[in-house]
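Colleague: Quick one: sequence and predicted model below, then my questions.
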Amino acid sequence: MSEVVDLTTAERRMQGALESVRREFGSIRTGRANPAILDRVEVEAYGTRMALKSVANIGVPEPRLLTVTPFDPQTLKTIERAIDNADLGLNPQNDGRILRLPIPELTEERRKKLIRMARGYAEEGRVAIRNVRRDEMRDLSELMKMGEISQDDERRAEAELQQLTNEYVKRVDAALSDKEAELLEV
């Protein structure tokens, strides 16, 4: 990296985009029980929308079963409705105290839909990374116009920024490949 231009902010923002993609991938369900698939579920409780994990305890007693135990038994029906509305392909079973969420085998059609969803998240991540690059390029151009860096420093920093961008796009692609392999696993 050049001595004049510091790209740590760009790298930190790109890392954030990558972590966001990984979180989204974690919320896509596979054939196994994983509490992260409920991360996107929001429950209307106490007059506000809250994350499911803020109002209930999520457990994995078996490889193909999730349990949701509300902290307040009054919210059980609301939690059940929120899970139904989240379109996760799960069918909550309510016993009056806890919800059991059996994880069904994925059908071929559902696998394809989930892979399309994962590809969409990956593309959003790549776009976010490219947006970081665009912002940094603009900042470099402004620094050069103001005379704070030389044209050589600008070119060198742009090359390093492009290298950084390529590296993070490859990481997103690798994470996507891993998720697709996981979804295709029978």
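Modeller: That came through, no problem.
Colleague: Does the most centrally placed residue in the chain belong to a helix, a strand or coil?
Modeller: By Cα atoms, centre = their mean, the chain has its centre lying nearest to E24, at 2.2 Å. Classification of E24 by DSSP: H, G, I helix; E, B strand; the rest coil places it in helix.
Colleague: Local confidence estimate at it?
Modeller: What the model reports for E24 is a pLDDT of 89.
Colleague: quick one, domains of the protein?
Modeller: 8-25+107-184, 33-102 (automatic domain parsing).
Colleague: All the helices of this protein, in order from the start?
Modeller: Here the chain has its helices, by DSSP state H, at 8-26, 52-55, 76-85, 108-145, 151-184.
Colleague: what residue ranges in the protein score low on pLDDT?
Modeller: 1-5, 186 (pLDDT under 70).
Colleague: And for L76, the neighbour number?
Modeller: When neighbours are counted by other Cβ atoms under 10 Å, L76 registers 21. C-betas here are computed from N, CA, C, even on glycine.
Colleague: wait, what's in contact with it?
Modeller: Taking Cβ atoms under 8 Å, 6 or more residues apart in numbering as the contact definition, L76 lies against 70, 94, 96-99.
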